[in-house]
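[1] Got a sequence here, can you build the structure:
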Amino acid sequence: MQRTRLIKVLPFLLLPLLVYVAIEVFTIVDMFHLSFQEWKSGVFHYIGLSWYKEIFQDRYVRIATLNTVKWTSISVVWAIIVPFGIALLLNQGLKGENFFKAVFIIPQGIAYTAAGLMWATIYSPDVGILNITLKKLGLGNFARPWLGDPNVAIYCLIFVKIWIRTGFYMMVYLTGLQALPKEVLDAARVDGANAWHRLFHMIIPMMKMIFVIVITLDFIESFKTFDIVFATTRGGPGASTEVLGTRIYKAAFQHWELGYSCAIATVLFLTTMVITAVYLHILMKGKKY
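    Numbers count the residues shown, from 1 in each chain. Model prediction:
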């Protein structure tokens, strides 16, 4: 029965699979190939590992790597704590639950580039609503050129990202919470387990796979950040908001070093895959779900 069903379904899966292989796999293979090439006078020349050696000597790549790690760390920690806390509150059946769901989920429908442009206006030192509001409240000392200050610009952009994604992760957590066996939690409550014990010894362990999904998704997404930064600061001021995504773009389309950009992209791709694979292996080792 299953084999017959598979035979019927296979033709419908074949075309998407071929498209995926043609686009995704070919692109990755071509990226590897170009990372060993240098483009001169419209012709590619093989130069071996020269671009990879250049990566370790490039000051801007080091800055971009540190900013990417900072971005990813803050975003992942936020994704673990804040959306889960919101989901816990909404799962209590509070009044206006649907309203709050809508408030948090609406930003998810905004493209990163559009959100970046919108928040660039909000952060504007002269006409931005943030500085205007601070001055109206008598907190003008806190007003500043948010995206022009190298000390805070990266954090302002990270906030835009987590503002967009909080609602999505909240809904993922909320779905997991609503799927938990209520009779088990009720039995624990009857046996005297308080809210904290139920949370840390029952709810969180039973939602382990939900946390795995959220952490993995946010890690991969954060590590390849590009849209928000490019739409707002393009890596400035200086290189204070430079991330690996913008560094790859600049190498390819500003300095016309296509091979070098592919080398950086290759390192980013392999690093993301290795860290994700190791994380999932350690987490799931010896576990059955």
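
[2] can you pull the buried residues of the helix or strand hosting residue 31?
    Assessed by DSSP states H and E, residue 31 sits inside helix 26-34. For helix 26-34, the neighbour count (16 or more other CB atoms under 10 Å) marks residue 34 as buried. The way it works is simple: take the backbone N, C-alpha and C, and place the C-beta from them, glycine included.

[3] could you say what helices and strands it packs with?
    If you count contacts as 3 or more CB pairs under 8 Å, 6 or more residues apart in numbering; DSSP states H and E, helix 26-34 packs onto helix 258-284.

[4] tell me the mean pLDDT over the helix it packs on?
    Per-region confidence: helix 258-284 scores 90 on mean pLDDT.

[5] confidence score at residue 192?
    Looking at residue 192, its pLDDT reads 83.

[6] Can you give me the separation between it and residue 26?
    From residue 192 across to residue 26, the span is 60 Å (CB to CB, to the nearest Å).

[7] Same check on residue 247?
    24 Å.

[8] Helices of the stretch 151-289 of the chain, residue ranges please.
    Secondary structure of the stretch 151-289 of the chain (DSSP state H, counting those that start in this stretch): helices at 153-178, 182-190, 195-198, 204-206, 208-223, 227-232, 244-253, 258-284.

[9] try the stretch 1-150 of the chain
    Taking DSSP H, counting those that start in this stretch, the helices of the stretch 1-150 of the chain run over residues 2-20, 26-34, 50-55, 59-90, 97-105, 112-122, 129-136.

[10] Same list (those helices) but as a markdown table, adding distance to residue 205 and mean pLDDT.
    Shown next, in a markdown table, are these (distance: least, CB to CB, whole Å; pLDDT from 0 to 100):
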| stretch | distance to residue 205 | mean pLDDT |
| --- | --- | --- |
| helix 2-20 | 33 | 76 |
| helix 26-34 | 37 | 91 |
| helix 50-55 | 41 | 95 |
| helix 59-90 | 14 | 96 |
| helix 97-105 | 25 | 88 |
| helix 112-122 | 34 | 95 |
| helix 129-136 | 40 | 94 |
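
[11] residue contacts, residue 134?
    140, 142, 143 (CB atoms under 8 Å, 6 or more residues apart in numbering).

[12] Kind regards, and thank you for your time.
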